[in-house]
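1. Predicted model follows, preceded by the sequence.
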Amino acid sequence: MPIASIEEILVSARSSLARVTAPEAAQLCRDGALIVDIRPVEQRRRDGEIPGALVIDRNVFEWRLDPTSTHRLPEIDGYDQVIIVVCNEGYASSLAAKSLQDLGLRRATDLVDGFVAWRAAGLPVDLG
């Protein structure tokens with residue numbers, strides 16, 4: 001089996017994603033999309049959170065979002081749901097979104113440039 005670098009894996013993951021910008025993500029949320037924040041607690045405390053986003057630790061991510069999992073969150077209503085994954089800069093979120101697509105959530109995607117882009121676009125942030 002050939003060995004791939006993380007950059008090659010990232011390019012491959014992104015090839016199946018219809019990645020969205022921060023303004024597009026905000027509009028999709030208004031239309032019912034689910035934003036899932038996978039940033040570590042330290043980053044969320046320091047930088048704030050997207051209002052209404054689900055916060056899911058990366059180590060339980062797939063179990064909480066798989067529609068067939070007994071551990072899924074109640075917000076997950078099926079395979080056709082739009083789910084936008086957010087990390088800090090848009091790298092880990094691409095890999096996580098691809099993982100959701102592999103589970104059959106075909107409309108899963110991620111936020112280009114992550115939370116940094118959300119904040120730079122002047123979109124709402126809870127500093128709690």
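-> Happy to help now that I have it.
2. Give the helix, strand or coil label for the most centrally placed residue in the chain.
-> In the chain, the centroid-proximal residue (CA atoms, centre = their mean) is Val85; its distance is 0.5 Å. On the three-state scheme (DSSP: H, G, I helix; E, B strand; the rest coil), Val85 is labelled strand.
3. Touching, it and Gln101? I think so.
-> No. In this structure Val85 lies outside contact range of Gln101 using CB atoms under 8 Å: 10.6 Å. Where C-beta positions appear, they are placed from N, C-alpha and C, glycine not excepted.
4. list the residues that contact both of the two?
-> Ala108 (CB atoms under 8 Å, 6 or more residues apart in numbering).
5. quick revisit: which residues does the residue nearest to the centre of the chain contact?
-> Contacts of Val85 (CB under 8 Å, 6+ apart): Val36, Ile38, Ser93, Ser94, Ala96, Ala97, Leu100, Ala108, Thr109, Asp110, Leu111.
6. count of residues packed around the second one?
-> Which is Ile38. A count of neighbours around Ile38, defined by other CB atoms under 10 Å, yields 24.
7. Give me the pLDDT value at it.
-> Note for Ile38: predicted pLDDT of 98.
8. next one: Gly128
-> Per-residue pLDDT puts Gly128 at 72.
9. Please tell me I have it right and it contacts Glu49.
-> Yes. Counting by CB under 8 Å, Gly128 touches Glu49, with 6.8 Å between them.
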